[in-house]
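**Q** Pasting a predicted model and its sequence here:
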Amino acid sequence: MPESRPPPAPTGTFDNNNGLLSIVIADDLRQFLESMLLALATLLPIVNPLGAAPVYLAKTVDLSAQEHAVLARRVALNCFLVLIASLLIGAYVLDFFGLSVPIVQVGGGLLVCSLAWSLLHQPDEPLEWVHDAANTIRRPDLRTRAFYPLTMPLIVGPGSIAVAITLGANQSHAFRPLIVESLAHVAGALLVAIAIFVTLRYAEPILRRFGATGTAVLLRMSAFILLCIGVQIIWNGVSALWRSFNGF
């Protein structure tokens, strides 16, 4: 009597599941790369760490090389955290306080104009040091200086925050795409922060090639461009507010 053999296990279902899983992973990877590149291409030109380098050096002329390295790392970390907060929860924070992106642009643009105006009228000698009665030099704490004005509004200003909030507000509401896009935005913000750190860390040897006169000229030009950027940000916010007012 021939020995009975169990029927072979069906393989079609297994292969189909594998194929479906591969397609889903490929779609998630494509979405991740697209969202990361979009965040990087959108945020990096607005952040523009190279354009902020002369202003950064003008605000840190009193620091040693070691302090420069520490401060550049703190500024890059602060920029990363501000960008991440704007990307992930910025829209919810604005809704909670009843604010709109145009309002943020107007207020932030005024802050940028104020910083640029002070830099335009800043003398070439460093004024960051303050002498007390004992004639000892006291300087602002690096943590405080790293956030204001170096992180905000110099590098991550209202324009960057507004763009980051807009990117975050346009994320998908489905759970899986939302997770993929959020991770992609985190990766994009991390790449921007790395670019900020490298630029600020080596800003002094780069700008040293311009010499004292060239650096002073570059600082004035950067301050003027920063002032124009602030005016443009204010104009964008006012224009958006005017359009919404006319819509009523």
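**A** Okay, I see it. Note that the structure is predicted; figures quoted are calculated from it, not measured.

**Q** For residue 21, report the pLDDT, please.
**A** At residue 21 the predicted local confidence, pLDDT, stands at 62.

**Q** Show me which residues of the helix or strand residue 112 falls within are buried.
**A** Under the criterion of DSSP states H and E, residue 112 resides in helix 101-120. Using 16 or more other CB atoms under 10 Å as the test for burial, helix 101-120 gives 101-102, 104-106, 108-113, 115-116, 119. Where C-beta positions appear, they are placed from N, C-alpha and C, glycine not excepted.

**Q** Let me have these in JSON lines, adding distance to residue 185 and pLDDT as columns.
**A** Listed next are the buried residues of helix 101-120 as JSON lines, based on distance: CB to CB, whole Å; pLDDT from 0 to 100:
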{"residue": "101", "distance to residue 185": "17", "pLDDT": "77"}
{"residue": "102", "distance to residue 185": "22", "pLDDT": "83"}
{"residue": "104", "distance to residue 185": "18", "pLDDT": "79"}
{"residue": "105", "distance to residue 185": "20", "pLDDT": "78"}
{"residue": "106", "distance to residue 185": "25", "pLDDT": "84"}
{"residue": "108", "distance to residue 185": "20", "pLDDT": "75"}
{"residue": "109", "distance to residue 185": "24", "pLDDT": "79"}
{"residue": "110", "distance to residue 185": "28", "pLDDT": "84"}
{"residue": "111", "distance to residue 185": "25", "pLDDT": "77"}
{"residue": "112", "distance to residue 185": "24", "pLDDT": "75"}
{"residue": "113", "distance to residue 185": "29", "pLDDT": "84"}
{"residue": "115", "distance to residue 185": "27", "pLDDT": "74"}
{"residue": "116", "distance to residue 185": "29", "pLDDT": "79"}
{"residue": "119", "distance to residue 185": "31", "pLDDT": "72"}
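
**Q** Nearest to residue 39 among those residues?
**A** residue 101 (17.0 Å; CB to CB).
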